[in-house]
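Peer 1: The following block contains a protein sequence and its predicted model.
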Amino acid sequence: MRISLASDHAGFTLKEEIKKFFDENNYQYHDFGAFDQEPVDYPDLAYLAARAVQKGDCERGIIVCGTGIGVCMAANKLKGIRAAHCGESFSARFCRQHNDANILTLGSRVIGVGLALEIAQIFLETPFEGGRHRRRVAKIHRLEGS
Ligand code: RB5
């Protein structure tokens, strides 16, 4: 699985920690930036990472900003994207099992590195349950553009 990664300046340090974790655990990723802590606009970076998932270049994405909220809002504007903002493990598990989330967003100013990595790992390793959830996820996408 290839993972698209991005952050704004506020999420930069946590993104680097996530990359370290990915390198140590043989996850494949593409880093779309930011590449330093110079202020940038989070929708620009969210777009790059979400677009890679939308096009099928990456199967999942992880995007970090200060709260995890702005990048979540931005990513969810792209057709086919189901971004979930998670601050604990339960949501990370169920956004995959029930919502088939393809992007995880994290708030670097809200949670610590240890929890963020646990959430990321759960998000990447938990499969979608399908069944009745497939119908519901399809209904989410019928709302696109309305
Ligand atoms: C940047 O200061 C901050 O607004 C951004 O990282 C994010 O939290 C937006 O939702």
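Peer 2: Happy to help now that I have it. Numbering: from 1, shown residues only.
Peer 1: Around the closest residue to the ligand within the chain, count how many other residues there are.
Peer 2: Across the chain, no residue is closer to the ligand than Gly70, which sits at 2.4 Å (CB to the nearest ligand atom). Glycine gets a C-beta too; all of them are placed from N, C-alpha and C. Using other CB atoms under 10 Å, Gly70 is surrounded by 21 other residues.
Peer 1: Return the residues in contact with it.
Peer 2: Asp8, Tyr42, Pro43, Ala46 (CB atoms under 8 Å, 6 or more residues apart in numbering).
Peer 1: where does it fall, phi/psi-wise?
Peer 2: The phi/psi pair for Gly70 (degrees, to the nearest 10) reads phi -60, psi -40.
Peer 1: Also near the ligand: which of the contacts of Gly70, exactly?
Peer 2: Counting by CB under 6 Å from any ligand atom, the subset of the contacts of Gly70 that neighbours the ligand consists of Asp8, Tyr42.
Peer 1: Now pLDDT, secondary structure and distance to Gly61 too, for the contacts of Gly70, in a markdown table please.
Peer 2: What follows is the contacts of Gly70, written out as a markdown table (pLDDT from 0 to 100; DSSP: H, G, I helix; E, B strand; the rest coil; distance: CB to CB, whole Å):
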| residue | pLDDT | secondary structure | distance to Gly61 |
| --- | --- | --- | --- |
| Asp8 | 98 | coil | 14 |
| Tyr42 | 98 | helix | 14 |
| Pro43 | 98 | helix | 14 |
| Ala46 | 99 | helix | 9 |
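Peer 1: Which one of the contacts of Gly70 sits in the busiest neighbourhood?
Peer 2: Ala46 (31 neighbours).
Peer 1: tell me the contacts of that one?
Peer 2: Listed by CB under 8 Å, 6+ apart, the contact set of Ala46 reads Ala6, Ile63, Cys65, Gly70, Val71, Cys72, Ala74, Ala75.
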